[in-house]
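Q: Can you look at this prediction? I've put the sequence above it.
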Amino acid sequence: MMAQVVAAEFLKLKRSVVPWVTLGVMLLAPCGIALFMWIVQHPETAATLGLLGTKANLAGLEATWPAFSGYLAMVAGGGGLGLLGFVLAYLFGREYADGTAKNMLALPVGRHWFVLGKLTVALVWWAVLAVAVAAEGLLLGWVLDLPDRTPGAMALAVGTTLLAAGISFLVVPLTAWVTVATRSALGAVAFAFGTLLLGDLLGHTGWAEWTPWSIVLLAAEDATMLTWASVAVLVATFVVGTMVTILQLEYADNP
């Protein structure tokens, strides 16, 4: 049954432009980072850009591979909280927007399969985006000829980027629950970006290790900060988010 649900979800995406839009957004971020790296590398040429060059220099940026790869991981982590939240809101909210929720829930299929199927599609979708960002980062690093770009450093950068993307996936099922509970993708998108802001805010406090959204951002910045307690919080967040979404569909009033 799982295979049929997943196949049906992918079929719905066949003519949708949303996957391509999310790919474009994700690929734009490394280009922006690379632009600032280039400005730092060539301050004389960048002086013609005026304020943009001044900002890049004052930001304390280093045009090195470790610095560039660190920003790539932040794109994957922060992107997971924001853009992946949008993906979940789209997958779970389109049924309500299209008025097909009644038809879906009336099918002789356990409702938990719809939740698990949509999460699986989101996982594949997000994995493709994360791999694309990592590949683009390697290409841009080669074009910029950033120092300290050794094979080991590049492998570490890819691993850290994919790790940050994977960790971010563990916290987004709550966005799916908000979508189903409110029957609106808009509210879920607001929730997703709200968690991004909350994670950044609490990341500077002593609660960071116990706040799932802060853990994502901290781990993207430095994977060694990921403790067993943090892993337990992330796994618990995923399980709770998935279960409340299933229970919402099973027992709450749905159109």
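A: It's in.
Q: Which strands and helices lie in contact with the strand or helix carrying F114?
A: Element membership for F114, per DSSP states H and E: helix 111-144. Helix 111-144 makes packing contacts with helix 2-13, helix 18-41, helix 65-97, helix 101-106, helix 151-169, helix 173-182, helix 228-251 when contacts are defined by 3 or more C-beta pairs under 8 Å, 6 or more residues apart in numbering; DSSP states H and E. No exception for glycine: its C-beta is placed from N, CA and C like everyone else's.
Q: what's the longest one packed up against?
A: Helix 65-97 makes packing contacts with helix 18-41, helix 111-144, helix 151-169, helix 173-182, helix 185-202, helix 212-221 when contacts are defined by 3+ C-beta pairs under 8 Å, 6+ apart.
Q: between those helices, which one is nearest to R94?
A: helix 185-202 (7.2 Å; C-beta to C-beta).
Q: Return the set of buried residues in that closest one.
A: By 16 or more other C-beta atoms under 10 Å, the buried positions in helix 185-202 come out as 185, 187-189, 191-193, 195-196, 199, 202.
Q: Let's see that helix as CSV, backbone CA atoms only.
A: What follows is helix 185-202, C-alpha atoms only, in CSV (Å, rounded to 0.1, in the frame of the first residue of the first chain):
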residue,chain,number,x,y,z
ALA,A,185,-0.8,25.7,3.8
LEU,A,186,-0.4,29.4,4.6
GLY,A,187,-0.5,28.9,8.3
ALA,A,188,1.9,26.1,8.1
VAL,A,189,4.4,28.2,6.1
ALA,A,190,4.2,30.9,8.7
PHE,A,191,4.8,28.2,11.4
ALA,A,192,7.8,26.9,9.5
PHE,A,193,9.5,30.3,9.1
GLY,A,194,8.6,31.1,12.7
THR,A,195,10.5,28.0,13.9
LEU,A,196,13.5,29.2,11.9
LEU,A,197,13.4,32.6,13.7
LEU,A,198,12.8,30.9,17.0
GLY,A,199,15.6,28.5,16.5
ASP,A,200,18.0,31.3,15.7
LEU,A,201,16.9,33.3,18.8
LEU,A,202,17.1,30.4,21.3
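Q: Report the distance from the helix holding F114 to the chain centre.
A: Relative to the chain's own centre, helix 111-144 is displaced by 8 Å; criterion: C-alpha atoms, centre = their mean, to the nearest Å.
Q: what's the angle between it and helix 173-182?
A: When axes from the mean of the first three to the mean of the last three C-alpha atoms, to 10 degrees is applied, the directions of helix 111-144 and helix 173-182 differ by 130 degrees.
Q: Show the average pLDDT along helix 111-144.
A: The average of the pLDDT scores along helix 111-144 is 93.
Q: buried ones in it?
A: In helix 111-144, counting by 16+ other C-beta under 10 Å, buried: 111, 113-122, 125-126, 129-130, 133-134, 136-138, 140-141, 144.
Q: Work out which residue lies at the spatial centre of this structure.
A: Geometric centre of the chain, nearest residue: G80, 1.4 Å, by C-alpha atoms, centre = their mean.
Q: List the contacts of the nearest residue to it once chain neighbours are set aside.
A: The spatial neighbour of G80 that comes closest, neighbours along the chain excluded (C-beta to C-beta, 6 or more residues apart in numbering), is S168 at 2.2 Å. By C-beta atoms under 8 Å, 6 or more residues apart in numbering, S168 lies in contact with 76-77, 79-81, 84, 126, 216.
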